[in-house]
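S.K.: Generate coordinates for the sequence data below:
(one chain, ligands or ions: 1)
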Amino acid sequence: MTSTLKIHGFPLSGHSHRVELFANLANIPHEKILVDLVAGEHKQAPFLKLNPFGQVPVIEDGSFILADSNAILVYLAKSYAKSWLPEDPKKAAEIQRFLSMAAGEINYGPASARLITVFGAGLDAKRIQDVTVWAFDRLNDHLSDRDWTVGEKPTIADVALYTYIAHAPEGNVDLAAYSNIRAWLKRIEALPGFVAMTATKVGLAA
Ligand SMILES: N[C@@H](CCC(=O)N[C@@H](CS)C(=O)NCC(=O)O)C(=O)O
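M.R.: From the prediction side, this is the model:
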């Protein structure tokens, strides 16, 4: 790393927190740069140069610019924290499976439920609830006989899944029925370097 890694994000964004969490867990020095989503900064020219999709998070690692939280986790693990993304083809593929779940069912389930309650988004709450229950049932079963999503140690799969599951109650999703998921959340929260996403209200720049 030639200069300090920059993470452009927003305090209420679970996708941003995913990257910030990993940088802290993997002990990667970084600087946080606020992109004010409420003021629409992400749709204005300077930010759109970093990410034409107009979304946070984005990282700058020297001259390398990268958007998309899961892509960023892969890049950071391969560059600075290899144990979080093992080379073994079977483990790497299993990890990809859960990165897909994070970008799929978790994004369209609990993350979207939170968009309704925290950001006032006009989305289909029933459909979101169904996706969430389906995903949480599957993940709770998956975690019934293991501590981590893949293998014997935490990986970027755990990091990618963590934030929107931990914050599901903000979207009125009750985690009470999912004891394996709750135990897994606690294991992640006990890892050295863990940082929580603390912002809860739009407009709060934590
Ligand atoms: N696939 C992207 C999704 C990122 C995303 O949806 N970011 C939200 C904040 S959590 C955002 O910037 N939304 C603003 C918009 O889409 O206009 C990722 O994983 O980083």
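S.K.: the domain parsing of the protein - what is it?
M.R.: Per automatic domain parsing, the domain ranges recorded for the chain read 5-83, 84-189.
S.K.: and the longest helix belonging to the chain, how far out from the chain's middle?
M.R.: In the chain, taking DSSP state H as the definition, the longest helix is helix 125-142. Distance, stretch centre to chain centre, for helix 125-142: 17 Å (CA atoms, centre = their mean, to the nearest Å).
S.K.: Check stretch 155-165 too.
M.R.: 6 Å.
S.K.: Which residue ranges of this structure form helices?
M.R.: 14-25, 45-50, 69-80, 89-103, 105-106, 112-119, 125-142, 156-166, 179-189.
S.K.: and among the ones you listed, the most buried is which?
M.R.: helix 156-166 (a mean of 26; mean count of other CB atoms under 10 Å). Just so you know, the C-beta spots here come from the backbone N, C-alpha and C atoms, and that holds for glycine as well.
S.K.: what inclination does that helix have with respect to helix 89-103?
M.R.: Orientation check (axes from the mean of the first three to the mean of the last three CA atoms, to 10 degrees): helix 156-166 against helix 89-103 gives 20 degrees.
S.K.: Nearest to residue 8, out of the helices of the chain?
M.R.: Among the helices of the chain, the nearest to residue 8 by CB to CB is helix 45-50 (6.5 Å).
S.K.: Averaging pLDDT per element, find the lowest-scoring helix or strand in this protein.
M.R.: helix 112-119 (a mean of 95; mean pLDDT, DSSP states H and E).
S.K.: coming back round to it: next, format the helices of the chain as JSON lines and append distance to residue 36.
M.R.: Formatted as JSON lines, these follow (distance: least, CB to CB, whole Å):
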{"stretch": "helix 14-25", "distance to residue 36": "12"}
{"stretch": "helix 45-50", "distance to residue 36": "10"}
{"stretch": "helix 69-80", "distance to residue 36": "19"}
{"stretch": "helix 89-103", "distance to residue 36": "24"}
{"stretch": "helix 105-106", "distance to residue 36": "25"}
{"stretch": "helix 112-119", "distance to residue 36": "14"}
{"stretch": "helix 125-142", "distance to residue 36": "26"}
{"stretch": "helix 156-166", "distance to residue 36": "20"}
{"stretch": "helix 179-189", "distance to residue 36": "28"}
